[in-house]
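K.L.:
just a sequence and a predicted model for now, questions to come.
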Amino acid sequence: MRFYNLRDGMPYLGDEGRDVIIARGIITGEHFPLVGPPTSIGNLYLGPIYFYLMAPFLGLFNFEPLGPAIFVALTSIATIGLLYFLVKEMFKSQLAAVFTALFYAISPLAVEFSRWPWNPNVMPFFATLFFYSLWQTLEKKREHWILLTGVSIALMLQSHYMGLASIPILFVALLIKRPVIKEKTFWLSAIILFLALMSPLLVFDLRHNFLNTRGFWQIVSERERGGFSLLDIFSRERDRIRQIFGDFTTLGERSLANNLLLGLSSVSWIILARQKRRWWLVLIWLFIGALFLSLYQGPFYRHYLEFLLPVCSIFLGGILALLFAQKWWGQGLAILCLLGLSGLFLYQSKIIVTRKLVPGVESTKEIVRFIGTQAGGQPFNFSLLAKNNYDTAYRYFFELWKFPAEYNSVTKQLFVVCEGEELCKPQGNAKWEIAVFDAAYNGKIELVSQWEFLNYFRVFQFKPKT
């Protein structure tokens, strides 16, 4: 489900194009970044770890964007395995471990994110690693595991800034458990490892007048001006929990089935956590994580919830195993739930893994090859008109295949690609690349050719009037 039809089914847009351009620069030695992708919450940048991790896979697959997609899919598969071992050890139940791993393996949301080479989509693995190492440290008294906790927090933060939720989760867990620290060197080393992994971002901040620090402070200041209401925060926390379970199961955030499933699961877990204290950390992961997310009031997207995906499968797997441990009525109900959820998950996941995305890697490559051929080996300018894409998706292949696309000077021909626009009028368009080309020839340009591809793309070629 993570590899089938991956080449045609993986998203490939401007963000993915930008990432492979940077990763290729690492491999060729042209540029070694100290900063990662920009975020959607203010003037903030992530750390560069994702670029460092995906670059070897890009090189291994001969600079095909499929390489980073393989990397993300492998981290998702590793998450399935890690969840199995975590739940088996935590709950002393192989059945709970099997159900948990199964639900994460076939959840449509987990499947969709696992086939998308994008930095937030590796967060579920690092979140599970963080949780597992914290469990080993606090419950198993294996203090050397705190080293992995420090590493996993840094990796989460560099996947997406919603990884900041790991810090309050850590503090609440330490406050409740209050571990006796015998080997202080492990804890100190964990802090040093965390700082070392975050150091490229610190160097970037020092070199750019604390750009990230000022961006973060601006977000905090705006939050303070917006006021503070406990009622609003807890209301948003409820919505976040409903949203992640609704998306994970595809039942829908506000559906009756999702609310019943979530309500019964939460009550059962709270009761179990009182009886079996080794279950308490799961509740902290879900409720403190969702509470942290509720502090954010800006536009909210599904990928912000990715660090909570594993805990959804733990909740469902644990409850199903509990039902199987009951008498015939519990086992019958568990079988019905298992068949119902599995059937729903597989049906929705089949749609995801069999679809062909346009625009995607192959369609973008087709357009780039066509433009390179039509340019006749001569330099050309390029512009993209699209609602949900930008030109780095195309620029990567222009650079990779050494087509003479120019971005800093005006040439004698301009190619414009329109994606899915019902009304596409490139001539006279205010887009920078088009406007500069038009101005360079005092508005005396003409459309010499146009083509259509896949009922989605239109390609226009402009030249100066002769």
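P.N.:
That came through fine.

K.L.:
least confident secondary structure element in the chain?
P.N.:
Scoring the helices and strands of the chain by mean pLDDT, DSSP states H and E places helix 211-225 at the bottom, with a mean of 67.

K.L.:
helix or strand next in line after that helix, which one?
P.N.:
Using DSSP states H and E, the helix or strand that follows helix 211-225 in sequence is helix 230-249.

K.L.:
CA atoms of the helix or strand that comes right after that following helix as PDB?
P.N.:
The helix or strand immediately downstream of helix 230-249 is helix 256-275, counting by DSSP H and E. Extracted C-alpha coordinates of helix 256-275, given in PDB (Å, rounded to 0.1, in the frame of the first residue of the first chain):
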ATOM      1  CA  LEU A 256     -22.100  10.300  15.300                       C
ATOM      2  CA  ALA A 257     -20.000   7.200  14.700                       C
ATOM      3  CA  ASN A 258     -16.800   9.100  15.300                       C
ATOM      4  CA  ASN A 259     -18.100  10.800  18.400                       C
ATOM      5  CA  LEU A 260     -19.300   7.400  19.800                       C
ATOM      6  CA  LEU A 261     -16.000   5.700  19.000                       C
ATOM      7  CA  LEU A 262     -14.000   8.500  20.500                       C
ATOM      8  CA  GLY A 263     -16.100   8.800  23.600                       C
ATOM      9  CA  LEU A 264     -16.200   5.100  24.400                       C
ATOM     10  CA  SER A 265     -12.500   4.800  23.700                       C
ATOM     11  CA  SER A 266     -11.500   7.800  25.900                       C
ATOM     12  CA  VAL A 267     -13.700   6.600  28.900                       C
ATOM     13  CA  SER A 268     -12.300   3.100  28.600                       C
ATOM     14  CA  TRP A 269      -8.700   4.300  28.500                       C
ATOM     15  CA  ILE A 270      -9.200   6.600  31.500                       C
ATOM     16  CA  ILE A 271     -10.500   3.600  33.500                       C
ATOM     17  CA  LEU A 272      -7.700   1.400  32.300                       C
ATOM     18  CA  ALA A 273      -5.100   4.000  33.100                       C
ATOM     19  CA  ARG A 274      -6.300   4.100  36.700                       C
ATOM     20  CA  GLN A 275      -6.100   0.300  36.900                       C
END
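
K.L.:
for helix 256-275, the distance to its chain's centre please.
P.N.:
28 Å (Cα atoms, centre = their mean, to the nearest Å).

K.L.:
who are the packing partners of it?
P.N.:
helix 230-249, helix 280-294, helix 309-324 (3 or more Cβ pairs under 8 Å, 6 or more residues apart in numbering; DSSP states H and E). Bear in mind the C-beta positions are built from the backbone N, C-alpha and C, glycine included.

K.L.:
for residue 136, see how far away the most centrally placed residue in the chain is.
P.N.:
With distances taken as Cα atoms, centre = their mean, residue 120 lies nearest the centre of the chain, 2.2 Å away. According to Cβ to Cβ, to the nearest Å, residue 120 stands 26 Å off from residue 136.

K.L.:
what do you get for residue 301?
P.N.:
Where residue 136 is concerned, residue 301 sits at a distance of 32 Å (Cβ to Cβ).

K.L.:
okay, the two: which has more neighbours?
P.N.:
Neighbour count, other Cβ atoms under 10 Å: between residue 301 and residue 136, residue 136 has more, with 19 against 11.

K.L.:
restricting to C-alpha, output stretch 338-353 in CSV.
P.N.:
Once non-C-alpha atoms are left out, stretch 338-353 reads as follows in CSV (Å, rounded to 0.1, in the frame of the first residue of the first chain):
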residue,chain,number,x,y,z
LEU,A,338,-12.5,-5.1,13.3
LEU,A,339,-14.3,-6.1,10.1
GLY,A,340,-16.1,-2.8,9.8
LEU,A,341,-13.1,-0.6,10.3
SER,A,342,-10.8,-2.8,8.2
GLY,A,343,-13.3,-2.8,5.4
LEU,A,344,-13.7,1.0,5.5
PHE,A,345,-9.9,1.5,5.8
LEU,A,346,-9.1,-0.8,2.9
TYR,A,347,-11.8,0.7,0.6
GLN,A,348,-10.6,4.2,1.2
SER,A,349,-6.9,3.3,0.9
LYS,A,350,-7.5,1.5,-2.4
ILE,A,351,-8.7,4.8,-3.9
ILE,A,352,-5.6,6.5,-2.7
VAL,A,353,-3.1,3.9,-4.0
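
K.L.:
buried ones in it?
P.N.:
By neighbour count on 16 or more other Cβ atoms under 10 Å, the buried set for stretch 338-353 is 338, 341, 344-345, 348-349, 352-353.

K.L.:
now do the contacts for residue 38.
P.N.:
Neighbouring residues of residue 38 by Cβ atoms under 8 Å, 6 or more residues apart in numbering: 44-46.

K.L.:
considering those residues, which possesses the most neighbours?
P.N.:
Highest count within these by other Cβ under 10 Å belongs to residue 46, 22 neighbours.

K.L.:
so that residue touches residue 163, yeah?
P.N.:
No - between residue 46 and residue 163 there is no contact under Cβ atoms under 8 Å: 9.2 Å.

K.L.:
quick check: neighbours shared by the two?
P.N.:
By Cβ under 8 Å, 6+ apart, the residues touching both residue 46 and residue 163 are residue 157.

K.L.:
hmm, residue 159 and residue 153 touching each other?
P.N.:
No - counting by Cβ under 8 Å, residue 153 does not reach residue 159; the two are 10.8 Å apart.
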